[in-house]
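Student: Let's see this in three dimensions:
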Amino acid sequence: TAPERTAEWSIATGYVGTRPDAYETPKLKEYVSGFPQAAVARDQLKFATAELSTFQTGRVRKALDDAIQAALTGGKSPADALKAAQQESERLLKPYR
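Tutor: Below is the predicted model:
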């Protein structure tokens, strides 16, 4: 959509504008100047990182965490721990393929 429409949507909903150029529109600039909190989430995006997101995320993450712990404590070699995590993740995700 156009930056102006995105600005209107952001103001109406409180959500972060989906286009950076929406924040350059007069309407959103005026809104942010009167309500600076509207730009907080946008400004934090530069510090955001990607997140593992998949079906069964919690269980897949646990398999990875368990593998890391096993490698760090010497319960398994890093290669064996990673292999076990991979196998468990594939088992968990098989129904979704």
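Student: Tell me how many other residues crowd residue 62.
Tutor: Neighbours of residue 62 under the rule other CB atoms under 10 Å: 15. For the C-beta atoms, the positions are set from N, CA and C on the backbone; glycine is no exception.
Student: One more: the one 4 residues further on?
Tutor: Neighbour count of residue 66, defined by other CB under 10 Å: 16.
Student: Low-confidence regions, the chain specifically.
Tutor: 1 (pLDDT under 70).
Student: What are the boundaries of the helices in it?
Tutor: Counting by DSSP state H, residue ranges of the helices within the chain are 3-13, 26-34, 40-44, 57-73, 78-93.
Student: list the buried ones in the fourth one?
Tutor: With burial defined by 16 or more other CB atoms under 10 Å, the residues of helix 57-73 counted as buried are 60, 63, 64, 66, 67, 70, 71.
Student: TSV please, covering these and showing distance to residue 27.
Tutor: Rendered in TSV, the data for those read as follows (distance: CB to CB, whole Å):
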residue	distance to residue 27
60	42
63	48
64	44
66	50
67	50
70	55
71	53
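Student: for those residues, which one is nearest residue 28?
Tutor: residue 60 (38.2 Å; CB to CB).
Student: returning to that earlier point: deepest in the core, which of the helices of the chain is it.
Tutor: Among the helices of the chain, judged by mean count of other CB atoms under 10 Å, the one packed with the most neighbours on average is helix 3-13 (a mean of 17).
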